[in-house]
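Engineer: Predicted model and sequence follow; I will ask about them next.
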Amino acid sequence: MSTSDPEPPIQEPHPSGALEYPSPQNRFQPNPYVPVDYPVGAAGYYPAYDPYRPMKPPGTNGNAIAALVSSIGGLLCCGLLGIVGLIFGVIAMRETKRTGQDGYGLALAGAIIGGLTLAGTLIVVGLYLALMLSGWQWA
């Protein structure tokens, strides 16, 4: 600082030592301790960090992976795992939307494959029961 620059005013603490809270009249005034001309996110500066916003969890959602694996397993093993894949897929889609974690596409694919597998299994079981109840036999 050169000698011609004025010194910034020093703010004295309250005589009682208590903290001063803003009154209702000046609570919307700008904070004197935060520089107004701070370029948030400008080149050469770090982007603003919000300590109150939760960070995105790392990796892919485990329920999304379980949904896809169990749905494909249900497709290969007569459809009983399709129910599990459908349930895991719906749970994983809700979790990935809520947390922002990766894996929404896996969860969606798991739910779709699980639903189609479940529907196909129900159709096959329904046709089998209809044939059994009709009394049809090979001649």
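Structural biologist: Received it, and whenever you're ready, just let me know what you need.

Engineer: Could you identify the longest helix within this structure?
Structural biologist: Within the chain, and with DSSP state H defining each element, the longest helix by residue count is helix 104-134.

Engineer: what about this structure, any weak spots by pLDDT?
Structural biologist: When residues are selected by pLDDT under 70, those of the chain lie in 1-54, 139.

Engineer: on that earlier part again, which helices and strands sit right next to the longest helix of the chain?
Structural biologist: Judged by 3 or more Cβ pairs under 8 Å, 6 or more residues apart in numbering; DSSP states H and E, helix 104-134 is in contact with helix 62-76, helix 80-99. Glycine gets a C-beta too; all of them are placed from N, C-alpha and C.

Engineer: just checking, what packs against the first one?
Structural biologist: Yep, that's helix 62-76 we're talking about. Contacts defined by 3+ Cβ pairs under 8 Å, 6+ apart place helix 62-76 against helix 80-99, helix 104-134.
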